[in-house]
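1. Following is a predicted model, sequence given first.
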Amino acid sequence: MGPAEEGRQKAGGNVANFRSSAASSLGKRGAALHVSSVIVILSGAARVSRPPCRSVVEAMKRYSALAIAREAARYHRGWERAWASPEPKGDYEIVIVGAGGHGLATAYYLGRNFGITDVAVLEKGWLGGGNTGRNTTIIRSNYLQDPSAAIYEKARALYETMSRDLNFNVMFSPRGVMMLAQTEHERRGYLRTVHANALQGVKTEFITPERVKELVPIIRIEGPRYPVLGALWQPRGGTARHDAVAWGYARACSAMGMHIIQNCEVTGIVSEGGRVSGVETVRGRIGCRKLAIVVAGHSGRLAEMAGFRLPIESVALQALVSEPVRPVLDVVVMANTVHGYISQSDKGELVIGGGTDGFNNYTQRGSFHHVEETVRALVETFPIISRLRMMRQWGGIVDMTGDRSPIISKTPLEGCFINCGWGTGGFKAIPGSGWAMAELVARGTPGPLAAPFGLERFREGRFIDESVAAGVAH
Amino acid sequence: MSLRLSSGGRLIERDRPLDFTFNGRRLRGLAGDSLASALLANGQMLVGRSFKYHRPRGVVASGVEEPNALVGLGRGGRFEPNRRATTVELFDGLEAVSQNHWPGLGFDLGALNDLAARFLPAGFYYKTFMAPRGAWEKLFEPLIRRAAGLGRAPEEPDPDGYEHFHVHVDVLVIGGGISGLQAALTAGRTGARVMLVEQGPHWGGRAPVEGVRLDGRPAAEWVDAALGELERMGNVHLRRRAMAVGVYDHGYALLHERVAAHTPGDGRPRHRLWKVRARRIITATGALERPLAFVGNDVPGVMLASAVRDYVVNWAVAPGRRTVVVTNNDDAYRSALVLREAGLEVPAIVDARPQADGPLVQRAREMGIRVVSGSAIAGVKGRRRVRGVRLCAHEGEGAVLEEIACDAVAMSGGWSPVVHLWSHCGGKLLWEEGQAHFRPDPQRPPTGADGAPLVFAAGNANGRMETAAALADGQVAAEAALKALGTGRERGGARAPLPAVAPEEVAPMLPVWLMPRKAGAKARMKMWLDFQNDVKVSDVELAAREGYESVEHTKRYTTLGMATDQGKLSNINGLAVLSEALGQPVPQTGTTTFRPPWAPVSFGAIAGEARGDLFQPVRETPIHRWHETHGAHWEPVGQWRRPYAYPRDGESLHDAVIREVRNARQAVGLLDASTLGKILVRGPDAGRFLDMIYTNMMSTLKPGRCRYGLICNENGFLIDDGVVVRLDKETFLCHTTTGGAERIHEHMERWLQTEWWDWRVFTADLTEQYAQIAVVGPKARALLERLGGMDVSRESLPFMEWRAGELAGFAVRVFRISFSGELSYEIAVPAGQGLALWERLVEEGAAFGIMPYGTEALHVMRAEKGFIMIGDETDGTVIPQDLGLGWAISKKKADYLGKRAHQRPHMTDPNRWKLVGLETLDGSVLPDGAYAAAEGVNENGQRKVQGRVTSSYFSPTLGRGIALGLVEHGPERMGEVLAFPATGGRIIRARIVSPVFYDKDGEKQNV
């Protein structure tokens, strides 16, 4: 038995333990998962046939108010690491490149839904340090096209239960997301979205300007430049604490025995006979049977290492926050006509997102004039913010595909899968994306959530274009 | 008690008292005071409450780094929260209120959090508030939100103005201390264009406070002389109150100038944002003193040692009568000396170093000040005000050796260069072991577009901590910057001699991150790192223990450095504590990324003048004012505003549209079509070029003819349409949609410049050069004939042709094109004559019952004819073939943009949805954007659909609702009835019909 086999055995053993400890708490969800694992077995599409690892939480020292009280008595000296920091093994069943939200969610659902825990998640820097930790945390699923609505709504629904699922408070705040209609064209577009959403099972409505004003008293609905004609309103959209999503997943993955290896940049991808066999990293070669590339912003570079090209452009997207003030804005407002979106965090900062640069780059900085455009649009829409101040601005690198929809796909390199192209709106998709990606990686073929997002769509012209519903960054 | 000293105070004018209020209490300060110095002079040490535990907070610093003294300023529309009292210049009538407390500053119920502090460590909220289900959303989040924020937001719009200035310079020198002045002098003397900016209201930085002598004179005199020389130069631009807040790529620097912040309502803009394009930048931004981490270091009355002497020297304010100095370096001794010279008591200098014997130490001893070396503060007595300190050995766990009564503590943990601006654009840092600080790494500076160094650090900001070295460094940085400019000017003149400075002998400092060094866990919970956000040593250690080992993780987990001061005082201390917890050297831990802005910038300043009418100025056609005076109801379209309809008195919009449609169909209507894009394409290769841009064959179009054309992108999707006119052999005029003009012009240019750069074609967007008026309806021809001039008969000017000529004395181009299905002429005149022609048409048309019509009537009429509208029938996913426009795709051409895409499998899929007309069974109007449901659900559980409404209107002509839609196999399903679920559970049934509802054979437009 080689070290790889040993590792898998060990991981498998862990799974069995989780299972027995959770046996008594098998609820409806557990049953459903059993069914899915049976499907896996019957389909024979994947060699994966182990039962799902469903009781992640039991393996961790639980977080609770009681635990805090207990620790307070000993000056919080008893808290364990949220995630381990292991040395890489020589070989894993699955290597995921990128410990951002999407990569960690992929790992989590590989364990939870497919019982695969011989997984390493490799991260160039610190986990959650890419776009997961840089976005404006908006969560919504009011998309127009069926494939988009399906995956974003799956993600939104998973956010609803994420804190309890992970035993880590990600502070999902379904405060409502409002997209202002400020032209007739936009109004008609949102009416269409409402109709589409109703049939897709996404709860949205088109609200009047008066209702907009009621929900957002500080807004100026009468213009003068672009009067508010109404808004697309998703009452269960909202925000979450972005870092906590990465940390919560990392903790759960680590508890399942997966290895999260930070400061481990991948420098090459190794293949044998057209099939992936490992990666070269700054900490040496790491073998794997399957490889998942989940590295927003740098997808093109990793694809190049794997020997294929992506229809992706990388550009800087910026965001900024104000100094904290007492709450004045309780919902998320997006104003696409004037290019600005804004919400107020639970700390009181106004969190503001702007547009993308008009040129490709990797610098994680951006041009100031985008900040200027965004801020002036928001000052015009919310006049009272004029005397508030920008406290911090930053940038992230986003992957843009030709149709502005993501890629969750097999690749020309056998055993290598890629998840990228979330553009300016990836945070909201994290759990849905991880769910769909885990299914793709585990089975080798995409499930219904991922199927429309294959790379082949660009060749076939089967684009999933949301431009009418989301003309700007989101 | 703090108090105003009877003498001294280099910045105050004792004969100019100013009245102000704090929390409604009337107080008096002096001209030259900062709000902080005035509050201290009035004995107001308690100025606010911390964010998390609502701990009492006093002034800590004297400048931009202040984390505690945040106040609300002004009232009404001029109210502004979170202002740092240390950077507010006092003015008469200033109103300030403290923040983040209820019911009051003195007694704050929020301070209950402080009692529970042990249960609220860093990140506690990630570990709780999860049960029971729904409690987070319904209970805990609302509670947390209630505690959110510091100050309250203004409630009224901002009455003040803001503006942007743009400037190009050779060298931007940031910082008006002696290093910056020396740099500016050095650069200015070569004739280079220099801008020198200082964030505060005074030049000279710290040198005048420190009592430094240059060439034997007080520093202030040298500063005045330097300023005098700079002012005389003419090539040097000086700005005070102008804070450099960001350095961006390519030498783009942002300055935030407080123009009238201290003189509100005087008519000047409040702030000014400077956008500087600098060829080189010198950061002479000084250094910040670090606090020390000891138990109770956050009690009001504990201040930075440098701030203590600032208050005494600059404003003659004594923060306390008895001040204990605690330090790990020589510099803090200056504060002790200053205090003693002012006649105040310094019961002890607590020095963590095992031995203290430098010249400054000697001087302190000579003045009779007790120096306790190797010692530390074990704790501070007092809650709302320092009452005393407990001393212990620094190399111990904190066993108290003695207590000293005092009412202030001056602390110094050493100095950190301000490296923010150096770092914004990629400059890297070095760890300087001797000073325990990061300073700019000269080997890894930010670079400009030319790859050469862009930013040069100077003085304290470059780690040159002594006066002579800092001064010389200003010169060195300027010379390096000039050299990098490559002008050769740096060799122009002889080096001017630097002023002589008495040498300073300074004993080494001792890095102290924790005081005492072996303090226990309980003590570490009382040592503050981030005063505003209440982050303590124990919090950072907890983060390390829990695996948040990256400095970014620690920052985010504990919120260290995320308050409004952005960690100016806390970052280095925090990351040193983290490094110790991880058992690794500080440089291995690294820093968080320095991001703009250096200090917060008002949104008003960022928005600048672009407010109200200047926010996205409305584009107006030459006829705009006429529409306005004739009751137009406006609709924003792109940057334009177009009349939606012209409702008459008492008439609803809906009725107005019906009237306008009927009148155009029965008599004659007038449409301002000036907003339509008009792009001129000219050159020997113009026809060839348009054959690539359009799906149609345009090269064969004859001069005098018009052709409706389609533009697809490279993915085959229809992006614009319009009539192309051939003016002459080499000249085409391409009409685009109103919203598409700039986009299509850009699209053409992009292809010309990147792919077909060798084709002889030029394009120009002439949209605003012409007014265009559509005269539409059966009586259109009679009206034009009445105007007199060119022949507009069917024979001379047939449908889809154009002629140049004269009408009513106007030189015009007349296009016989129709978007309504009626007899229609579009008349173009130079923009300046648009209004005159329009008014003439209205006047002469009266006899024919002429009426103007708006965009809605236009839409209704085009829908009645089954004409598509870009943005309605198209949405970025629709190809011409879907819309029955296959006829407009040339089969003869070798290529056009989109041709290859049109051959992709999905594009030729027979199941693509196709354009049809839809008529409700009950005659009602189908809801905009409704979908036709199909049987069953897809794999993701979504209801299957088979089509959708793309446009829907009430047709006055047919007296019923009509709609266009895209339906799966639609054209093969004529007569079939589809179900459209509407909102509210209604189902509307509509029959598939031809998309042409009116005049199916096109007889009316062709008369």
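-> Looks like it arrived, so ask away.
2. and B:Asn297, what does it touch?
-> Contact analysis of B:Asn297 by CB atoms under 8 Å, 6 or more residues apart in numbering or on different chains lists B:Pro291, B:Ile377, B:Val380, B:Val409, B:Met411, B:Met527, B:Trp528. In this view, the C-beta of every residue, glycine as well, is placed from N, C-alpha and C.
3. In a markdown table: those residues, plus distance to B:Asp1001 and secondary structure.
-> Formatted as a markdown table, the contacts of B:Asn297 follow (distance: CB to CB, whole Å; DSSP: H, G, I helix; E, B strand; the rest coil):
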| residue | distance to B:Asp1001 | secondary structure |
| --- | --- | --- |
| B:Pro291 | 87 | coil |
| B:Ile377 | 97 | strand |
| B:Val380 | 95 | strand |
| B:Val409 | 95 | strand |
| B:Met411 | 92 | strand |
| B:Met527 | 89 | strand |
| B:Trp528 | 85 | strand |
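4. any idea which of the residues you listed is the one closest to B:Ala979?
-> B:Trp528 (66.6 Å; CB to CB).
5. now that closest one, nearest residue through space, not along the chain?
-> B:Asp298 (4.1 Å; CB to CB, 6 or more residues apart in numbering or on different chains).
6. Give me the neighbour count for the closest residue to B:Gly8 other than its chain neighbours.
-> For B:Gly8, ignoring the flanking residues on the chain, the nearest one in space by CB to CB, 6+ apart is B:Ala316 at 4.4 Å. Using other CB atoms under 10 Å in any protein chain shown, B:Ala316 is surrounded by 23 other residues.
7. residue contacts, the residue nearest to B:Asp357 when sequence neighbours are not counted?
-> With CB to CB, 6+ apart as the criterion, B:Asp357 has its nearest non-adjacent residue at 6.6 Å, and that residue is B:Ala507. B:Ala507 is in contact with B:Asp330, B:Arg353, B:Ala356, B:Asp357, B:Gly358, B:Leu360, B:Val361, counting by CB under 8 Å, 6+ apart.
8. Recalculate using a threshold of 7 Å.
-> Taking CB atoms under 7 Å, 6 or more residues apart in numbering or on different chains, we find B:Ala507 in contact with B:Asp330, B:Asp357, B:Gly358.
9. B:Val506 is in contact with the last one, correct?
-> If I follow you right, that is B:Gly358. Yes. Look at B:Gly358 against B:Val506 with CB atoms under 7 Å: they come within range, at 6.1 Å.
10. Can you check which residues contact both of the two?
-> Both B:Gly358 and B:Val506 are in contact with B:Asp330, where contact means CB under 7 Å, 6+ apart.
11. more neighbours, the two?
-> Between B:Gly358 and B:Val506, B:Gly358 has the larger neighbour count (other CB under 10 Å), namely 18 against 15.
12. okay, the contacts of B:Asn297 in a markdown table with pLDDT and distance to B:Gly687 next?
-> Compiled in a markdown table, the contacts of B:Asn297 are given as follows (pLDDT from 0 to 100; distance: CB to CB, whole Å):
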| residue | pLDDT | distance to B:Gly687 |
| --- | --- | --- |
| B:Pro291 | 98 | 75 |
| B:Ile377 | 98 | 86 |
| B:Val380 | 98 | 85 |
| B:Val409 | 98 | 84 |
| B:Met411 | 98 | 80 |
| B:Met527 | 98 | 79 |
| B:Trp528 | 98 | 75 |
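13. so which of those residues would you say is closest to A:Ile138?
-> A:Ile138 lies nearest to B:Trp528 out of these, by CB to CB, at 33.8 Å.
14. tell me, how many neighbours does the closest one end up with?
-> 28.
15. Check the one 10 residues further on too.
-> Residue neighbour count, defined by other CB under 10 Å, stands at 26 for B:Ser538.
16. again, but for A:Ile116
-> Neighbour number of A:Ile116 under other CB under 10 Å is 29.
17. I figured it hits A:Leu110, correct?
-> Yes. The criterion here is CB under 7 Å, and A:Ile116 meets it with A:Leu110 at 4.5 Å.
18. In a markdown table, list the contacts of B:Asn297 along with distance to B:Glu785.
-> Output for the contacts of B:Asn297, formatted as a markdown table (distance: CB to CB, whole Å):
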| residue | distance to B:Glu785 |
| --- | --- |
| B:Pro291 | 89 |
| B:Ile377 | 100 |
| B:Val380 | 97 |
| B:Val409 | 96 |
| B:Met411 | 93 |
| B:Met527 | 93 |
| B:Trp528 | 88 |
